[in-house]
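> Quick one, fold the following:
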Amino acid sequence: MEHKSIAFSVQDLTVSYGEQTALKNIKFQVEEGNLVGVIGPNGAGKSTLMKASLGLIPKDHGTIEFYGKPVKQMRENIAYIPQRNNIDWDFPITVLDTVVLGTYPKLGVFHRPKKADRKRAQACLEQVGLQKFSKRQIGELSGGQQQRVFLARALAQQTDIFFFDEPFVGIDASSEETIIRILKKLRDEGKTVIVIHHDLSKAEEYFDDLVLINQELIEAGPADLVLTPEVLGKAYKSQLPFLQSEGADE
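The predicted structure follows:
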């Protein structure tokens, strides 16, 4: 059996907001070439986990590594797409220029994108089916189209690790199908993709592995082993009757 490298490792991660503990001693690993969903109830700390892992917010303690290195040494090799409500859609920038921004991390300081970088951005727009919108202002697009533009920007970064925070919230079914198809293609190319996700009904179809948290780690492993009433009940305590009735209909 082929041995895979550990692309992303979280050890004893604890994060607090003032006196409130958001995450406590979270510990799991993700092998390279996996498509992984991070699930849990509202307020479980999913976005906090992602932001703390990427060094975007401070942590109380814990060790985060990407291929055995700290995030500051690997930043150029990581693409991060935040939640859509954290993005200024009124910013006067075109769709193509938004995607071109994905080439900046590898350009270095004081270097402007070359013709080849813009060509790569166009190719990434084609992958997400939005090449004909390249001259539109980003705010003119629908929610699903905007999410696909930011996926194209991530593709333009040419990284090995991708983080997406709730990419399927508030988008149309066609955009969701396009995005998950591309995420699976990235996985098949050996990339590592971590996605915060809320729709349990599609979790097994979409992801190889799942990380279930509710401030603490509940379970991490293959999707079919995490998505059992017993395991889910530990995280979604108040919703357990709903989960059991869902399973009874299958």
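
> Check the gap between Ile161 and Val100 for me.
Separation of Ile161 from Val100 (C-beta to C-beta, to the nearest Å) stands at 21 Å. (C-beta placed from N, C-alpha, C; glycine too.)

> Okay, now the unreliable bits of this protein?
1-3, 104-113, 238-250 (pLDDT under 70).

> same thing but 50
1, 107, 109-110, 241-250 (pLDDT under 50).

> What ranges does it have for its helices?
Taking DSSP state H, the helices of the chain run over residues 46-53, 71-74, 95-100, 104-107, 115-127, 143-156, 173-188, 203-206, 223-226, 229-235, 240-248.

> Relative to Ala22, which of the ones you listed is closest?
For the helices of the chain, proximity to Ala22 was assessed by C-beta to C-beta; helix 46-53 is nearest, at 4.7 Å.

> Residues touching the closest one, excluding its own?
8, 10, 13, 15, 22-23, 26, 38-40, 57-59, 62, 64, 71, 80, 83, 163, 165-166, 194, 196, 213 (C-beta atoms under 8 Å, 6 or more residues apart in numbering).

> From the centroid of the chain, which residue is nearest?
Phe164 (1.9 Å; C-alpha atoms, centre = their mean).

> hang on, isn't that one packed against Tyr206?
No - Phe164 is not in contact with Tyr206 according to C-beta atoms under 8 Å; the separation is 11.3 Å.

> circling back to that earlier point, could you list which of the contacts of helix 46-53 belong to strands?
Counting by DSSP state E, the contacts of helix 46-53 place 8, 10, 13, 15, 22-23, 26, 38-39, 62, 64, 80, 163, 165, 194, 196, 213 in strands.
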